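J.: Okay, structure incoming, though there's no sequence with it:
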């Protein structure tokens, strides 16, 4: 055994154990898998999580307080995920004496047990990437606001930033929506339309009940107890800016600006108004150090909607808080000093001309607008009324009751619901490869432009992109395609990790298949990645790696296809920079060929070669071929005949070739390709894949 082989063998044996001992996230996932496997579902238990455990607020809090006060739900146990017990101690102390209310440290063993065993899971954001619901659990994702800013795949740049959000949505039984605008965020911005099997309940937001039903005097008194300067003889202004930027370490500069401007506002308007500040959670820690705003800064643990019940004028920028405030019928000002920069970076759904208040661009203009607030309110009343009818039409103070009854009685009868799932379209899940600059990527991009999207719903599964070339190629994929990326670590036990590594390295050995092939682990990972989604066809379009193939093979699909873009045996032996780079990855993939229904080469000749070389891995009839697709527009732009101009490009579905006529020539150049039209696409998917 050579030194290199010995080194790799030792790494194979020691790396999983080393990761477990030295890296907390590996231990966490391993423990979660153990609890997921062994813990039974505990009836009448609810795990709540708000803002990653950083608060006890929002829609989960509204549901929690409603159930606590309702004798009908006295048998339920309420468990809150808490990131920082010290920070949330004022809220925890209010409920700690109750026997049916518990608090667990997020990511602790107890938390992992609760996540694995609570009958109901309620979150206003996302559970972490290792989470997957099990049979018997009900997961409601309430989300946390009507969107003004672009969301999901609408945000410019890298589309993978929403990967865990989409994954959570696909895992959820129920999604809450306060209005049709937010429903559209789910269906379009996150591309749930056609695939999501759960139910969107469009009935308003529980948290807005807190704004409508709270007693302002009690909330003000509670705030004064934490040092806020609130004079009951004055009206109150709340400044609630959203988080801007990507670097939390630069929070100090934002806080200094907020402090300076709000102190100026107090100097000019303090005799008439109380000035309060509610900063984004990313800013709160830094803001709490600033003594200049200590008597204005609302503690982060205070529920925003309860706070809004005490407010007379709201000043915000791009925060969705203003949508909630509409129910108060009180004026809103949009202080957007950085409008141009922020608009270019993120984008928004609603035109400025349609907002229910004016945009102001500096603090002096803001002060002047507040002095003239009655005139502004009158001018913007039509916008206000129009937006209120669109956004808050379900907000009657009884939303929480309707939502609780739906979730805990498992019935949405009488509620306004939206179903995304399209029973007519067949579902395709396709692994595209790494989207690097190569022929497979080009073929995949062309394929996405040849699919009949009236008949097929298509999801592309791939790695989280980091390289510029991958992002460039992803941007070229047909916009009808939904991207699903792979976040986080797989939920494997230690033994399953070794079994996975063995199969990956040495292949799916028939005589050890029942012992070593971790079928259960792969199916669990499939459910983690794709939630409750179901697919009719899964396709490994790349055809180079068992690592990605194993997830597709775990699907309960009608047909499973693997593409073979080259002479695959020769590829496995190809030497690149002195190494057989594809040998180990392809060895594992070859051994899994028998699990596919079709092995599709890209030409008849290639099919015959692959069948001859790899027949020991799969039955004869599984080997087939299908031509790569093309992009005719690109052909016309990139003339393959030098500087001569293509006069005519004729494409026919049979016999799968493009025929181009050149000016001044009688004859033609010919490509053996699959043409760019819906009939050809139908042939590809209906005949070859099936």
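T.: Alright, I've got the coordinates. Please read all numbers here as calculations on a predicted model, not as lab measurements.

J.: Test my guess that residue 308 contacts residue 326.
T.: No. The criterion here is C-beta atoms under 8 Å, and residue 308 misses it with residue 326 at 10.2 Å. (Glycine included, C-beta is placed from N, CA and C.)

J.: Those two - which one has more neighbours?
T.: More crowded of residue 308 and residue 326, by other C-beta atoms under 10 Å: residue 308, with 26 against 23.

J.: show me the contacts for that one.
T.: Residues in contact with residue 308 (C-beta atoms under 8 Å, 6 or more residues apart in numbering) are 211, 238, 314, 321, 324-325, 328.

J.: Show me these that map onto strands.
T.: If you go by DSSP state E, the contacts of residue 308 have 238, 314 in strands.

J.: Compare the contacts of residue 308 and tell me which is most surrounded.
T.: Within the contacts of residue 308, most neighbours by other C-beta under 10 Å means residue 325, with 27 neighbours.

J.: Output the contacts of residue 308 in JSON lines; the columns should cover distance to residue 524.
T.: Below are those laid out as JSON lines (distance: C-beta to C-beta, whole Å):
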{"residue": "211", "distance to residue 524": "41"}
{"residue": "238", "distance to residue 524": "46"}
{"residue": "314", "distance to residue 524": "46"}
{"residue": "321", "distance to residue 524": "39"}
{"residue": "324", "distance to residue 524": "38"}
{"residue": "325", "distance to residue 524": "43"}
{"residue": "328", "distance to residue 524": "47"}
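
J.: Can you tell me which of the contacts of residue 308 lies closest to residue 472?
T.: Within the contacts of residue 308, proximity to residue 472 (C-beta to C-beta) peaks at residue 321, which comes in at 36.4 Å.

J.: Please tell me how far the closest one sits from residue 148.
T.: Distance, residue 321 to residue 148, using C-beta to C-beta, to the nearest Å: 10 Å.

J.: Isn't residue 47 up against residue 114?
T.: Yes. Shown here, residue 47 and residue 114 form a contact pair, counting by C-beta under 8 Å, at 4.9 Å.

J.: so what sits against both of these two?
T.: In contact with both residue 47 and residue 114: 79, 81, using C-beta under 8 Å, 6+ apart.

J.: So, low pLDDT: which residues of the stretch 451-600 of the chain?
T.: Where the stretch 451-600 of the chain drops to pLDDT under 70, the residues are 508-514.

J.: hey, where'd the strands end up in it?
T.: Using DSSP state E, counting those that start in this stretch, the strands of the stretch 451-600 of the chain run over 456-462, 482-485, 537-540, 559-564, 598-601.

J.: right, so those strands: which one is the most enclosed?
T.: strand 537-540 (a mean of 27; mean count of other C-beta atoms under 10 Å).

J.: For that strand, give me every contacting residue.
T.: So strand 537-540 is in contact with 426-431, 548-549, 552-553, 555, 557-563, 596, 685, 689, going by C-beta under 8 Å, 6+ apart.

J.: Likewise for stretch 123-132?
T.: Residues from elsewhere that reach stretch 123-132, judged by C-beta under 8 Å, 6+ apart: 28-29, 32, 36, 48-52, 58-60, 107, 115, 121, 139-144, 164-165, 167-168, 171, 487-489, 491, 524, 527-528, 531.

J.: pLDDT (mean, whole number) over that stretch?
T.: Mean pLDDT, stretch 123-132: 97.

J.: got a pLDDT number for the residue nearest to residue 370 when sequence neighbours are not counted?
T.: Nearest residue to residue 370, sequence neighbours excluded (C-beta to C-beta, 6 or more residues apart in numbering): residue 269, at 5.9 Å. For residue 269, the pLDDT comes out at 95.

J.: residues touching residue 269, list them.
T.: Residues in contact with residue 269 (C-beta under 8 Å, 6+ apart) are 237, 275, 367, 370-371.

J.: repeat that for 10 Å
T.: Residues counted as contacts of residue 269 (C-beta atoms under 10 Å, 6 or more residues apart in numbering) are 234-235, 237, 275, 313, 366-367, 370-371.

J.: Same question for residue 535.
T.: 195, 426-430, 457-459, 461, 552, 555-560.

J.: sorry, back to before: now the contacts of strand 537-540: which count as buried?
T.: 426-431, 548-549, 552-553, 555, 557, 559-563, 596, 685, 689 (16 or more other C-beta atoms under 10 Å).

J.: Where helices are concerned, which of these count?
T.: Among the buried ones among the contacts of strand 537-540, DSSP state H puts 548-549, 552-553 in helices.

J.: With distance to residue 571 added, can I get those in a markdown table?
T.: As requested, these are arranged in a markdown table below (distance: C-beta to C-beta, whole Å):
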| residue | distance to residue 571 |
| --- | --- |
| 548 | 16 |
| 549 | 15 |
| 552 | 20 |
| 553 | 20 |
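
J.: Can you tell me which of the residues you listed is nearest residue 612?
T.: Using C-beta to C-beta, these come closest to residue 612 at residue 549, 22.0 Å.

J.: my guess is the closest one contacts residue 526, does it?
T.: No. Residue 549 is beyond contact range of residue 526, at 11.8 Å (criterion: C-beta atoms under 10 Å).

J.: how about the strands of the stretch 451-600 of the chain in TSV, adding distance to residue 626?
T.: Formatted as TSV, the strands of the stretch 451-600 of the chain follow (distance: least, C-beta to C-beta, whole Å):
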stretch	distance to residue 626
strand 456-462	15
strand 482-485	23
strand 537-540	11
strand 559-564	8
strand 598-601	5
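
J.: Can you tell me which of the ones you listed is nearest to residue 102?
T.: Going by C-beta to C-beta, the one of those nearest residue 102 is strand 482-485, 34.4 Å.

J.: Done for today, thanks.
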